[in-house]
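Visitor: Need a 3D model of the sequence below.
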Amino acid sequence: MGPGVVVTGLTLGALAVVSLLAFQANGAQERAGGTGPTASVTASTSGPAATATPTASATPTVPALPATSGTGLRVVYSVGSHHVWLVDPKKNPQVVAAFSVTPGSVEPNPGSYPVYSRTPITTGTDGRQIEHVVRFAQQNGVVFGFSAPVDGATPTADPKGKTGGIRSSRTDGQLIWDFAPNGTKVVVIA
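Guide: Here you go, the predicted model:
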């Protein structure tokens, strides 16, 4: 394994940690009753070593985890509100991350599904290059999974054809990728 691969791996790990810490800091402020900007991470990959710099950005408020979201370690996706919660019952608080997403043109049926496939980077059915693809269901020929556009553009619903790609920001896509290896439960709620 060459030094470039090691630096890339370390950079991705650092970005994941900084993203998680930024999310947790934002959640602490909300629990304390304050409002303010949330943190996101901007990565620079130029030069001999990559760096991560926290930046401020506005994020829509995510509702509390619904009571109908199941139990255990899980990713929860609401087709009604288009929000995702990453839940680990061994943590305090149990919701380790929560964010808004943009659905594809078709939504998965409510139920519980295991993550069955992951791809680091590929081309989506809409022709956009995507990363951190975490697939959890197939219904009527449509594959459902979470992903993030590589170009970092704001995800938008694809009006062409039947797509089940649930798009997030790159930072949130990294959180799902790190949280949900194959076999992780994904609970889809109404």
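Visitor: What count of nearby residues applies to residue 182?
Guide: Using other C-beta atoms under 10 Å, residue 182 is surrounded by 12 other residues. The C-beta positions use only the backbone N, C-alpha and C, and glycine is treated the same way.
Visitor: cool, and residue 74?
Guide: Applying other C-beta under 10 Å, I find that residue 74 has 20 neighbouring residues.
Visitor: mind listing what's buried in the longest strand along the chain?
Guide: Ordering each strand of the chain by length in residues (DSSP state E) puts strand 129-139 first. Under the neighbour-count criterion of 16 or more other C-beta atoms under 10 Å, strand 129-139 has 130-137 buried.
Visitor: could you give me the average pLDDT of it?
Guide: Averaging pLDDT along strand 129-139 yields 97.
Visitor: let's have the chain start at 25 instead
Guide: From this message on, residue numbering opens at 25, which makes the last subject strand 153-163.
Visitor: Surely residue 199 is in a helix?
Guide: Yes: counting by DSSP: H, G, I helix; E, B strand; the rest coil, residue 199 is part of a helix.
Visitor: Does it touch residue 112 like I think?
Guide: No: look at residue 199 against residue 112 with C-beta atoms under 8 Å: they stay out of range, at 11.9 Å.
Visitor: Pick out whichever of these two has more residues nearby.
Guide: Taking other C-beta under 10 Å, residue 199 and residue 112 do not tie; residue 199 has more neighbours (25 against 15).
Visitor: Mind giving me the packing neighbours of the longest strand of the chain?
Guide: With contacts taken as 3 or more C-beta pairs under 8 Å, 6 or more residues apart in numbering; DSSP states H and E, strand 153-163 sits against strand 135-138, strand 141-147, strand 166-173, strand 188-191, helix 194-203, strand 209-213.
Visitor: do that again at 6 Å, thanks
Guide: Here strand 153-163 touches strand 141-147, strand 166-173, helix 194-203, going by 3 or more C-beta pairs under 6 Å, 6 or more residues apart in numbering; DSSP states H and E.
Visitor: who's in contact with the second one?
Guide: I take that to be strand 166-173. 130, 132, 152, 154-159, 161, 179, 186, 188-192, 194, 197, 200 (C-beta atoms under 6 Å, 6 or more residues apart in numbering).
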